Every structure is written in C-alpha cells, then in structure tokens.
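Q: Return a 3D structure for these sequence lines:
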Amino acid sequence: MDRVLFKKITLLYTSFIILISIIPIPKLPLPEFNLFQWDKFFHLIVYLIMSFMWLRLGYLKSKIFKWNYVFIVILVGFFTELCQGILPLGRYFEIADIIANFIGIFTGTSISYFYIFKNKPS
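A: Numbering: from 1, shown residues only. Next up, the predicted model:
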C-alpha cells in the first residue's frame, strides 16, 4: 500500500477513535448483555489496531521501529479517557478502560515489533 494513503488511513482511524471517545452517548435502549466485558474488549482491539497502524506507518517511513509512534497511541488512549472524566460529556473516566487500552497497545506493539524484525531484510 502506498505510504501516503496509509498515512491518511491511519490519521482518519485515529481521528475517528478520538471523536467516538469524546462525543456524548445518547441513552439508547440496548439489549441486555454483559456490556462491561465487551466494552473492555472493544478498547483492547481498537488500540491494538491503532498501535499496529502507527508502527507500520513509522516503519514504512524510515524502515526502522519507531518507539515515538507507540507514545502517540499511548497519549491518545490516556487523554481521550481523561477527557471523558473531565469534560461534561456524559462519559465516565474508568481505570479499567485505560488498562484495556494499554493491553491493546502492548499487544499491538509486540506483534508489530516481532513482525517487523522477523520480516526485516538482512
């Protein structure tokens, strides 16, 4: 995939996640299921994908593993959750969400790190 296109997709994905994280959620009648577990799993998957995308973008740009891209994803995960607790959005700050975000980031970073080094030309 073209690096410029991948950069646009990565920025769009990140912007979408930030937007979804800070907009108020209306009270919708939802079917009964264990929302807590699905919510944390969703956080994990979203940040796993985001970390993989940012690290892949950094690798496409310079052909080395870029740790500063990991910090970008960590900051997005932390500050979106912090905004939920501080701003009057009708959203709530949860430590469990931050933990799920960080587990996703760690998993995505680990997969990216080993994938990049496994497939790096010698």
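Q: So which elements touch the least confident helix or strand in the chain by mean pLDDT?
A: Between all helices and strands in the chain, the lowest mean by mean pLDDT, DSSP states H and E belongs to helix 35-62, at a mean of 85. Applying 3 or more Cβ pairs under 8 Å, 6 or more residues apart in numbering; DSSP states H and E, we find helix 35-62 packed against helix 3-22, helix 67-86, helix 95-118. Every residue, glycine included, has its C-beta placed from N, CA and C.
Q: what packs against the second one?
A: Same thing as helix 67-86. helix 3-22, helix 35-62, helix 95-118.
Q: Kindly reformat the ones you listed as a markdown table containing mean neighbour count and distance to residue 83.
A: Listed next are these as a markdown table, based on neighbours: other Cβ atoms under 10 Å; distance: least, Cβ to Cβ, whole Å:
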| stretch | mean neighbour count | distance to residue 83 |
| --- | --- | --- |
| helix 3-22 | 13 | 5 |
| helix 35-62 | 18 | 15 |
| helix 95-118 | 17 | 12 |
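Q: circling back: give me the distance from the least confident helix or strand of the chain to the chain's centre.
A: Relative to its chain's centre, helix 35-62 lies at 4 Å (Cα atoms, centre = their mean, to the nearest Å).
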